[in-house]
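Participant: Quick one, fold the following:
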Amino acid sequence: MTVLLVAGSPSEKSRSAALLDAVQQRLQWRGVHVERLHIRDLSPQALLLADFNHPSVLRAIKQVAEARAIVVATPVYKAAYSGVLKVFLDLLPQTALKDKHVLPLATGGSPHHMLALDYALRPVLQSLSARHILPGIYATDAQVTVLPEGGYHVHEDIATRLDEGVNTLVAEALKQNPAVAGRFAPVHFSQVRCSV
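Facilitator: Below you'll find the model as predicted:
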């Protein structure tokens, strides 16, 4: 069982990719097989000309078909998900997400773009026959900050929501208990109780 992480940013490094990195770590910690699809690595000409038979497009469609669940991450531009993601979703078959659970993630400059998840991306995912679209996770630039060495730091409030999203994805789509293979689900420090 595979979870496919779809990076919908036109940039190689981005805040939305940082959210995918955080999700990937959480899934791998639970022993879930993860694959990544960077839409920016597909042939730009094939995407724009809707070349369904291009090898890079065929490989990407196959990855989607073989995945048990999908995590889609996108930056929000002008109150909508990225154009790169849009052209890719347009190439997918109408039932590409049938029987799949989808966790949408998005990043944007301000909280005002949060509704892009529900009003722009969710209807498209639904039209592709997704079995269940989990509550989306939106992070502002202030919640995914750039580190001096060039990486990103996901702030605690978003990390907590990512934990919840991944727990739900694992429990519902992969039918696993959050405590898998002798490992326990993460426990927030405020929930730790000690007795002497």
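
Participant: what about whichever strand or helix holds Arg36, average pLDDT?
Facilitator: Arg36 belongs to strand 33-38 when assigned by DSSP states H and E. Mean pLDDT, strand 33-38: 97.

Participant: Same question for stretch 115-133.
Facilitator: Per-residue scores along stretch 115-133 average to 93.

Participant: Need the contact partners of it.
Facilitator: Contact with stretch 115-133 is made by 70, 72, 74, 76, 79-81, 86, 89, 92, 94-102, 104, 106, 108, 136, 138, 172-173, as judged by Cβ atoms under 8 Å, 6 or more residues apart in numbering. Placement of C-beta: from N, CA and C, glycine included.

Participant: Please pull up the helix or strand immediately following the helix or strand bottoming out on mean pLDDT in the chain.
Facilitator: Ranked by mean pLDDT, DSSP states H and E, the helix or strand of the chain with the weakest confidence is helix 116, at a mean of 89. Sequence-wise, the next helix or strand downstream of helix 116 (DSSP H and E) is helix 122-127.

Participant: Tell me the helix or strand right after that next one.
Facilitator: Next element after helix 122-127 (DSSP H and E): strand 132-133.

Participant: quick one, helices of the chain?
Facilitator: 15-29, 44-48, 55-66, 83-91, 116, 122-127, 156-173 (DSSP state H).

Participant: and the shortest one, how far from the chain's centre?
Facilitator: It stands for helix 116. Mean-position distance between helix 116 and its chain equals 15 Å (Cα atoms, centre = their mean, to the nearest Å).
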